[in-house]
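> Got a predicted structure here, sequence first:
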2 protein chains.
Amino acid sequence: MKPTDSELEILHVLWTNGPSTVRQVYDTLSQSRDIGYTTALKLMQIMYEKGLLSREEDSRSHIYTAAVSEEDTQRNLVDRFVETAFRGSASKLVMQILGQHKASREELDEIKNLLSDLNRDAGRQDLSD
Amino acid sequence: MKPTDSELEILHVLWTNGPSTVRQVYDTLSQSRDIGYTTALKLMQIMYEKGLLSREEDSRSHIYTAAVSEEDTQRNLVDRFVETAFRGSASKLVMQILGQHKASREELDEIKNLLSDLNRDAGRQDLSD
DNA sequence: TGTTTACTACGAAATTATTCGTAGATCAAT
DNA sequence: ATTGATCTACGAATAATTTCGTAGTAAACA
């Protein structure tokens, strides 16, 4: 299931704020962009049908929850993105980002540490390109 | 302007093979997926109108060339992707990829070297999150 | 109780992307 | 010169996404 851009926006609100009504999602969303209430509602209904959201129908205003985790979703999106934009070469993507200085020093250090760990048992490393 | 997935496929063919006719692009493309000749033609015509491709109309079969570089395009796509999928945190994206072991040992080493260079003059580093 | 307010459901318009068929022109080879 | 292959241009069907209006219902409250 690939969420569309609009769907991702809604997922982000739910991941950040936790289970919410359409009204709450709408309030958050409308701060950052122009959107009607029924548009948000419709989107969330569609996402519910797709299985991206679950909902409690107890009260009159339903309470929606993200039915997919942020981690799983991001992993899927990254896989797809690497495939379409970088022809499967994940390392080219990483190089591209790092070359752009799009990380703070602390983050670079953190990444470096992760790399050391990975290098330590590189015997079973995937060979993606 | 953001190329669609289909447009990216065509750009990749042109980046890889250099200036080509519709027929040549079609031959390459049809090896990996089901597509009609006039579909490829139409796509390339649209991309020409959008400015994604340029073309030589000298001969009867026009010769198309990518009008945008692979690097620029990838940079744009990455920026957009980081924004929509990772809420602007490029480092989270990198961590996500590295955590997935989506790079060979050689590539990891290469990345490590790049990181060392970056760390060396980290004083002027961007702080993206 | 009657009116306003807030909610869901649903249909459908508007937009964008993808697909292909057909028409007409050009070229190559008989 | 006629035929057949190949090319472009173009219109239009299809599909996916995003948008919002309207109708109906339930709740709140004056």
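Everything's here; your move. Numbers count the residues shown, from 1 in each chain, chains lettered A, B, ... in the order given.
> Would you mind listing the buried residues in the helix-or-strand element of chain A with minimal mean pLDDT?
Ranked by mean pLDDT, DSSP states H and E, the helix or strand of chain A with the weakest confidence is helix A:105-120, at a mean of 75. Using 16 or more other C-beta atoms under 10 Å in any protein chain shown as the burial criterion, the residues of helix A:105-120 that qualify are A:E107, A:L108, A:I111, A:K112, A:L115, A:L118. To be clear about C-beta, it is placed using only N, CA and C from the backbone, and glycine gets the same treatment.
> Kindly report the residues of chain A close to DNA strand C.
Counting by C-beta under 7 Å from any atom of the strand, chain A comes close to DNA strand C at A:T21, A:V22, A:R23, A:Y37, A:T38, A:L41, A:K42, A:Q45, A:E57, A:R60, A:S61, A:H62.
> that older thread, could I get the buried residues of helix A:105-120 as a markdown table with distance to DNA strand D?
Converted to a markdown table, the buried residues of helix A:105-120 look like this (distance: C-beta to the nearest atom of the strand, whole Å):
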| residue | distance to DNA strand D |
| --- | --- |
| A:E107 | 30 |
| A:L108 | 33 |
| A:I111 | 31 |
| A:K112 | 36 |
| A:L115 | 35 |
| A:L118 | 34 |
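> I'd guessed A:G99 sits against B:L114; true?
Yes. If you go by C-beta atoms under 8 Å, A:G99 and B:L114 touch, sitting 7.2 Å apart.
> which stretch of helix or strand covers the most centrally placed residue in chain A?
Centroid check for chain A by C-alpha atoms, centre = their mean gives A:Q74 as the closest residue, at 4.4 Å. Taking DSSP states H and E as the criterion, A:Q74 maps to helix A:70-86.
> what's the angle from that helix to helix B:70-86?
Calculated by axes from the mean of the first three to the mean of the last three C-alpha atoms, to 10 degrees, helix A:70-86 forms an angle of 170 degrees with helix B:70-86.
> Who are the packing partners of helix A:70-86?
With contacts defined as 3 or more C-beta pairs under 8 Å, 6 or more residues apart in numbering or on different chains; DSSP states H and E, the packing partners of helix A:70-86 are helix A:5-17, helix A:90-99, helix B:5-17, helix B:70-86, helix B:90-99.
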